[in-house]
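Colleague: 3D, please:
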Amino acid sequence: MGYAKVRAVGLIGLQGHAVTVEAHVATGLPGLTISGLPDASLNEARDRVRAAIVNSAEQWPQRRITINLLPADLPKRGSGFDLALALVILGAAGELPLGRLRGAGLVGELGLDGQIRPVRGVLPMAVAAARAGMDRMIVPSSNATEARLVPGVRVLAAETLRSVVEFVRVGIPLPDPPVEPDTDEPDGPDLAEVVGQGRGRFALEIAAAGRHHVALFGPPGAGKTMLAQRLPSILPPLDDADALEVTAVHSIAGALPPVPRLIRRPPFQAPHHTASAAALVGGGSGLARPGALSLAHHGVLFLDESPHFGAAALNALRQPLEDGWVTLSRSQGTTRYPARIQLVLAANPCPCGAGNGASCECSPLARRTYLNRLSGPLMDRIDLRVTLNPVGAADLVGEHGQPESSAEVLKRVIAAREAAARRWCGQDFTVNAGAPGRVLRSPPFRLPASVTADLATRLDRGSLSARGYDRVLRVAWSIVDLSGGMSPTRDDVSEALELRTGETG
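Modeller: Predicted structure coming up:
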């Protein structure tokens with residue numbers, strides 16, 4: 001009889017968990033039992049692991065094998081436990097001393113030939129390993145560069161089960177992952193390419209300064225898509241914590257580039273209008289995977305031709321826009337993915353796109369029906385609504401001068417974000433869009449009644465909701481941060497209200 005244990009890392013949604021894999025080999029009818037809430041892929045591991053051990057020139061113990069995954073009440077999913085299962089079985093059978101695996105975490109899927117294959121989500125697994133006190137991780141070679149992004153954990157790359165056995169048995173070293181050149185992410189579209197549309201550019205700058213949601217209306221060719229695509233270029237780069245979180249989501253979704261690196265630029269997601277609710281918020285059988293909403297975490301989710309999205313898909317955005325999280329329940333459990341995004345909606349003024357121009361053949365009813373596909377509760381969460389007019393010839397040929405570049409606007413946005421962070425110091429948020437209404441309406445941030453008189457009038461008349469009241473105040477603070485002021489004036493609040501309602505003064 002023999003007993004052995006090693007450590008591995010499991011993943012539920014975005015959260016990694018340290019898992020102890022223990023094995024007991026005893027006399028009796030040969031067989032393998034796995035306990036500790038394994039899923040189907042883990043139960044199937046017995047055949048993969050046995051073939052991998054035999055094809056790695058090792059002996060499969062012809063005895064009764066019991067494997068337990070601790071903590072036993074935590075669901076275990078995926079094929080990433082294969083490597084740990086193989087090594088603990090050999091250890092419990094007395095074939096392999098496991099002393100060299102003390103303090104190490106094991107991750108990897110085994111092929112029948114003993115090859116160690118990559119798995120998704122290695123980055124959040126490495127984060128969990130570091131938090132659990134593991135000082136080393138043995139991961140598939142294809143995942144090694146990704147795991148190396150996490151500081152504090154030494155990463156060893158493994159190609160085959162045989163190479164890991166030789167490392168554990170006689171100390172033949174496993175290679176460290178190669179150091180990839182630190183290349184910058186390619187530059188995206190620049191705001192200098194957008195001619196005219198001063199109102200739209202101003203709204204985009206306010207949105208970037210306070211992380212507000214935007215709706216852009218206008219005929220085809222007015223520049224709605226161009227403006228939306230350039231919003232990430234005027235957002236500040238992600239700090240270490242946010243970059244790690246965003247990269248972890250992309251790791252789980254299998255969306256990292258061939259040479260993984262921390263995602264420093266705010267991501268941009270633009271799903272097609274035929275996308276389902278599951279494609280937007282996440283879904284899939286068994287355990288739900290992140291959707292476009294979570295892949296845009298700390299970045300921009302752009303819905304072009306937004307009235308053509310399904311009502312269920314659009315309404316599924318409402319709660320995540322408030323909470324910053326997506327909670328998904330499926331047959332194998334509940335997962336929660338981060339979804340703190342900036343939403344940008346774009347829409348034509350009517351089905352034909354011409355709006356109220358002479359060429360428009362849409363009836364008033366058709367226009368109302370078209371835009372009413374964007375429900376009131378969804379639009380109530382939009383801070384800025386801008387109508388773009390067609391670009392004139394003078395703007396197109398550059399008679400009004402060269403438009404500002406993204407780099408110039410970004411400097412003002414960063415200064416505005418820093419001003420907001422100083423003001424909200426000590427709170428659990430740093431941007432204006434995150435300020436709760438109770439904070440905005442309480443000293444020392446409560447504005448005088450003379451400044452908010454127009455808002456109070458609209459609120460009493462029912463033309464502005466309580467949510468809208470708070471959102472106007474947040475936009476007003478962003479306007480002040482961009483202008484370098486100390487506190488919103490009545491003009492700032494009026495400007496924010498016009499941008500909120502889509503009216504022009």
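
Colleague: By average pLDDT, which secondary structure element in this structure comes out worst?
Modeller: One helix or strand of the chain scores below all others by mean pLDDT, DSSP states H and E: helix 393-396, with a mean of 60.

Colleague: tell me which residues in the helix or strand that that one is followed by are buried?
Modeller: Going down the chain from helix 393-396, the next helix or strand is helix 406-423, by DSSP states H and E. Within helix 406-423, the residues that count as buried by 16 or more other C-beta atoms under 10 Å are Ser406, Val409, Leu410, Arg412, Val413, Ile414, Ala416, Arg417, Ala419, Ala420, Arg423. The C-beta positions use only the backbone N, C-alpha and C, and glycine is treated the same way.

Colleague: With adjacent residues omitted, what lies nearest to the residue nearest the centre of the chain?
Modeller: Within the chain, the residue whose C-alpha comes closest to the C-alpha centroid is His297; the distance, by C-alpha atoms, centre = their mean, is 3.2 Å. Spatially, and ignoring its direct neighbours in sequence, His297 is nearest to Pro338 (4.8 Å; C-beta to C-beta, 6 or more residues apart in numbering).

Colleague: swap in Arg169?
Modeller: Leu96 (5.9 Å).

Colleague: so that neighbour makes contact with Glu166?
Modeller: No - contact status for Leu96 versus Glu166: not in contact, 10.2 Å apart, counting by C-beta atoms under 8 Å.

Colleague: Show me which of the two is the more surrounded one.
Modeller: Summary of the neighbour comparison: Leu96 and Glu166, criterion other C-beta atoms under 10 Å, with Leu96 having more neighbours (21 against 15).

Colleague: would the more buried one count as being in a helix?
Modeller: No - Leu96: not assigned to a helix; according to DSSP: H, G, I helix; E, B strand; the rest coil it is coil.

Colleague: That one and Leu90, how far apart?
Modeller: Between Leu96 and Leu90 the distance, using C-beta to C-beta, to the nearest Å, works out to 4 Å.

Colleague: and what of Asp176?
Modeller: With distances defined as C-beta to C-beta, the gap from Asp176 to Leu90 amounts to 24 Å.

Colleague: So which of those two has more stuff around it?
Modeller: Using other C-beta under 10 Å, the more surrounded residue of Asp176 and Leu90 is Leu90, with 26 against 12.

Colleague: secondary structure element for Ile65?
Modeller: Following DSSP H and E, the helix or strand that holds Ile65 is strand 64-70.

Colleague: Whichever helix or strand comes after that strand - contacts with which helices or strands?
Modeller: Using DSSP H and E, the next helix or strand after strand 64-70 towards the C-terminus is helix 82-92. Under the contact criterion of 3 or more C-beta pairs under 8 Å, 6 or more residues apart in numbering; DSSP states H and E, the helices and strands touching helix 82-92 comprise strand 2-12, strand 15-26, helix 45-54, strand 64-70, strand 104-106, strand 109-110, helix 161-170.

Colleague: Just the C-alphas of helix 82-92, formatted as PDB.
Modeller: Extracted C-alpha coordinates of helix 82-92, given in PDB (Å, rounded to 0.1, in the frame of the first residue of the first chain):
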ATOM      1  CA  ASP A  82      -4.000  15.000 -16.000                       C
ATOM      2  CA  LEU A  83      -0.300  15.700 -15.300                       C
ATOM      3  CA  ALA A  84      -0.900  15.800 -11.500                       C
ATOM      4  CA  LEU A  85      -2.900  12.600 -11.700                       C
ATOM      5  CA  ALA A  86      -0.200  10.700 -13.500                       C
ATOM      6  CA  LEU A  87       2.600  11.800 -11.100                       C
ATOM      7  CA  VAL A  88       0.600  11.100  -7.900                       C
ATOM      8  CA  ILE A  89      -0.300   7.700  -9.100                       C
ATOM      9  CA  LEU A  90       3.400   6.900  -9.800                       C
ATOM     10  CA  GLY A  91       4.300   8.300  -6.500                       C
ATOM     11  CA  ALA A  92       1.700   6.300  -4.500                       C
END
